[in-house]
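Peer 1: 3D, please:
(one chain, ligands or ions: 2)
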Amino acid sequence: MSQVYNWQLGREMNYPYEGQYPESQFAFVFNINRCIACQSCTMACKSTWTFSKGQEHMWWANVETKPYGGYPQFWDAKILELLNRANPDKQFWSGPAGENPKSPYGQFAGKTIFEAPLLLQPASSRVLGYLPTDEEWNSPNIYEDNAVGPKGTRYKFHATGEQLPVHNTWFFYLARICNHCTYPACLAACPRQAIYKRPEDGIVLLDQSQCRGYRKCVEACPYKKSMYRGNTRVSEKCIACYPRVEGTDPESNGEPLETRCMAACIGQIRMQSLVKLNPDGTWAEDRQHPLYYMVHVAKVALPLYPQFGTSPNGYYIPPRWVPRDYLRQMFGPGVDRAIERYENPDRELLAVLQLFRRSNRIIFRYEIEEGPLAYEGPYRGKTIRIYNDTVIAFGKNGKEIFRTKVEEPLHVRPNKHQNSI
Ligand code: SF4
Ligand code: SF4
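Peer 2: Residues are numbered from 1 along each chain as shown. Ligands and ions are numbered 1, 2, ... in the order given. Here you go, the predicted model:
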């Protein structure tokens, strides 16, 4: 075991290999508050990569409903339970979220999936995990869209004139792909070393010619994003649409394009890019990069289950309406600060949020041109000001991709339309 620094945990941790970090890393931010579960992302991925025989159960991109939905069933509750069983009642964070970029969420005092096996007698495999059953893969939408209230109060209606009870049920949509982790559990567990992290962009790939179908990656990935294909007897996983990210896809004309699931997103919740890394795997300062800004400056986007220890490169703007304890378990101690910031965005955050899905080309930098005051007035008991600033997105080559404004443009349709009779 090596010691590697995991900035999401604010400490060093055990990992089976030395840390190897690409210069730039595939990463993304999903704004949960905007997801409408249209599944366009899911189908874009399915129709591109997993439409063949033997891949019926594979959804490299999926959208599940929390708290009851999950693909495969209860994947996160199961791995949390295994960790708690290995390290009972000690899976907590020791400090509040802070300003230090090397430990922005405080320090995780519990055990990761790489550390927990050492507590077990006899010491189990390199990574703590479990292998889902076929039934668990085969029902990807069982328990979805369930928001069940307290026992006995479901479907209880009140007579006219009475007040309805406080609405205390909730759910939200969690869109997921492989996190192309900095410390991938799939890679750590593979006895064939068939899984590798690309040095140019940190995308985690599985070499099928090396795979012997032992399913160690499937067992180890805490996000369950490596999958076994029965008719080829090897495993497969999300490839981050790497020809698009490289700019070698015929559609891209040499310019880096976002993945298919990002490009298809109707709710405009997704932004994907490549972020620069320091030699120790922490993010290099890149103040005008939209992902760097959202993760490290505004701190409005948080990693999914950072306590697993894989240092996932998918970040989420947490949903505002969900009980905080549930969200803290899912996204760590940065949740309260992230939601406060998202609910009260300053001028810069409001402008950066307009960058989502105005183009399929990858944004590497943004600039803001100040505009006039567009609104001044009350909002949730406070007086706020909104400015109609212009935000400009630049691509890899430094050329402008697009510019857009904070205020939605108003289009007035002419009296006569093409389909007018
Ligand atoms: S999410 Fe799972 S499959 Fe993807 S890199 Fe991380 S450990 Fe591997
Ligand atoms: S396409 Fe976007 S809005 Fe629709 S389900 Fe996927 S992430 Fe949510």
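Peer 1: Which strand residues bridge residue 6?
Peer 2: residue 11 (DSSP bridges).
Peer 1: Tell me the confidence at it?
Peer 2: If you check residue 6, the pLDDT there is 98.
Peer 1: Check the secondary structure at residue 333 for me.
Peer 2: For residue 333, the assignment made with DSSP: H, G, I helix; E, B strand; the rest coil gives coil.
Peer 1: what about residue 43, which helix or strand?
Peer 2: Using DSSP states H and E, residue 43 sits in helix 40-49.
Peer 1: Briefly note if that helix comes near ligand 2.
Peer 2: Yes. Counting by CB under 6 Å from any ligand atom, ligand 2 has neighbours in helix 40-49: 40-41. To be clear about C-beta, it is placed using only N, CA and C from the backbone, and glycine gets the same treatment.
Peer 1: Tell me the buried residues in that helix?
Peer 2: Neighbour-count burial for helix 40-49 flags 40-42, 44-46, 48-49 (criterion: 16 or more other CB atoms under 10 Å).
Peer 1: Outside of that helix itself, list whatever touches it.
Peer 2: With contacts defined as CB atoms under 8 Å, 6 or more residues apart in numbering, helix 40-49 is touched by 59-63, 175, 177, 238-239, 241, 260-266, 270.
Peer 1: And the strands in the stretch 151-300 of the chain?
Peer 2: 172-176, 195-197, 204-206, 226-229, 234-237, 270-276 (DSSP state E, counting those that start in this stretch).
Peer 1: chain center to the last one, what's the gap?
Peer 2: In this case it means strand 270-276. What separates the centre of strand 270-276 from the centre of its chain is 11 Å, taken as CA atoms, centre = their mean, to the nearest Å.
Peer 1: other SSEs contacting that strand?
Peer 2: strand 24-31, helix 260-263, helix 290-292 (3 or more CB pairs under 8 Å, 6 or more residues apart in numbering; DSSP states H and E).
Peer 1: still on that earlier bit, now render the buried residues of helix 40-49 as a markdown table, adding pLDDT and distance to ligand 1.
Peer 2: Formatted as a markdown table, the buried residues of helix 40-49 follow (pLDDT from 0 to 100; distance: CB to the nearest ligand atom, whole Å):
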| residue | pLDDT | distance to ligand 1 |
| --- | --- | --- |
| 40 | 98 | 22 |
| 41 | 98 | 16 |
| 42 | 98 | 17 |
| 44 | 98 | 18 |
| 45 | 98 | 14 |
| 46 | 98 | 17 |
| 48 | 97 | 18 |
| 49 | 98 | 14 |
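Peer 1: ok, these vs residue 100, which is closest?
Peer 2: Distances from residue 100 to these, taken as CB to CB, are shortest for residue 41 (34.0 Å).
Peer 1: Phi first, then psi, for the closest residue to residue 17 other than its chain neighbours.
Peer 2: Of all residues not flanking residue 17 in the chain, residue 2 sits nearest, at 6.2 Å (CB to CB, 6 or more residues apart in numbering). The phi and psi torsions at residue 2 (degrees, to the nearest 10) take the values phi -100, psi 160.
Peer 1: What about residue 2, how many residues nearby?
Peer 2: Using other CB atoms under 10 Å, residue 2 has 11 neighbouring residues.
Peer 1: May I ask you to confirm that it is in contact with residue 16?
Peer 2: Yes. The pair residue 2 / residue 16 is scored as a contact, 7.2 Å apart, by CB atoms under 8 Å.
Peer 1: tally of neighbours for residue 253?
Peer 2: If we define neighbours as other CB under 10 Å, then residue 253 has 9 of them.
Peer 1: What sits closest to it if chain neighbours are left out?
Peer 2: The shortest distance from residue 253 to any non-neighbouring residue, by CB to CB, 6+ apart, is to residue 247 (7.8 Å).
Peer 1: Can you tell me how far that neighbour is from residue 28?
Peer 2: 17 Å (CB to CB, to the nearest Å).
Peer 1: Have a look at the two and say which one is more surrounded.
Peer 2: Comparing residue 247 with residue 28 by other CB under 10 Å, the one with more neighbours is residue 28, at 24 against 17.
Peer 1: Run through the bridge partners of that one.
Peer 2: Beta-bridge partners of residue 28, as defined by DSSP bridges: residue 272, residue 314.
Peer 1: Point out where this protein drops to low pLDDT.
Peer 2: Scanning the chain for pLDDT under 70 picks out 122-124, 147-168, 418, 420-421.
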